[in-house]
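Novice: What would the 3D arrangement of this be:
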Amino acid sequence: QRVHELLQIYNEHDIPSERLLFKIPATWQVGIEASRLLESEGTQTHLTFVYSFAQAAAAAQAGASVVQIFVGRIRDWAKNHSGDPEIDEALKKGEDAGLALVKKAYVYIHKNGYKTKLMAAAVRNKQDVFSLLGIDYIIAPLKILQSLDESVTDSDEKYGYVQRLTLSLDKMYNFSQEE
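Specialist: I've put the predicted structure just below:
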């Protein structure tokens, strides 16, 4: 309802709705279902606070325009907690739990042809940025962006950096029909 009120205000000021993107927490009953409804009406949504694959998959299935995953926050939480199957699986493989979630969500979204764009936030260092090359959006602090300027690449590399997130990662995941 609040989004509809905001749309009306923007409309009164001749701001086209296709230029708007509404940021909504990715809770199941409110956020993801609101995204499904708004997207079906042509309003773009950006689902945030995504901390699990189930949330990312549900957001993509709902047709969210953007799904935002907090890489560093997931990493921080994983250091002190266990019992979450996704995090435990990533740690067992020696992977960063936040980056592992982004990779899995990336493959799921692209393999299934969803329109959803993936955004990584809370990146904590330039290695996170390098690991996320190929993602649709990255939110990075200025300090990290400036550190990229100091990065050295092999002059033999045609483009300097290689895309890390690609559909070739799909061999790592077997998604069930329910996902």
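Novice: can you give me how far the lowest-mean-pLDDT helix or strand in the chain is from the chain middle?
Specialist: In the chain, no helix or strand scores lower on mean pLDDT, DSSP states H and E than helix 85-92, which sits at a mean of 81. In terms of Cα atoms, centre = their mean, to the nearest Å, the centre of helix 85-92 is found 18 Å from the chain centre.
Novice: again with stretch 80-92
Specialist: Centroid displacement of stretch 80-92 relative to its chain, using Cα atoms, centre = their mean, is 19 Å.
Novice: for the chain, longest strand please?
Specialist: If you go by DSSP state E, the chain has its longest strand at strand 44-50.
Novice: what residues does that strand touch?
Specialist: 18, 20-27, 31-32, 34-35, 38-39, 55-56, 59, 62, 64-70, 105, 119, 121 (Cβ atoms under 8 Å, 6 or more residues apart in numbering). Placement of C-beta: from N, CA and C, glycine included.
Novice: Out of those, which sit inside strands?
Specialist: Reading strands off those with DSSP E, I get 21-25, 66-70, 119, 121.
Novice: show me where pLDDT drops low in this structure?
Specialist: Across the chain, the ranges flagged by pLDDT under 70 are 152-165, 167-179.
Novice: just checking, what packs against the longest helix belonging to the chain?
Specialist: Criterion DSSP state H: the longest helix present in the chain is helix 97-111. Under the contact criterion of 3 or more Cβ pairs under 8 Å, 6 or more residues apart in numbering; DSSP states H and E, helix 97-111 touches helix 53-62, strand 66-70, helix 71-80, helix 85-92, strand 117-121.
Novice: hey, which of the ones you listed is tucked in deepest?
Specialist: Mean neighbour count (mean count of other Cβ atoms under 10 Å) peaks for strand 66-70 among the helices and strands packed on helix 97-111, with a mean of 25.
Novice: Against which helices or strands is that strand packed?
Specialist: Judged by 3+ Cβ pairs under 8 Å, 6+ apart, the packing partners of strand 66-70 are strand 44-50, helix 53-62, helix 97-111, strand 117-121.
Novice: Of all these, which one is nearest residue 130?
Specialist: Nearest to residue 130 among those is helix 97-111; the distance by Cβ to Cβ comes to 10.5 Å.
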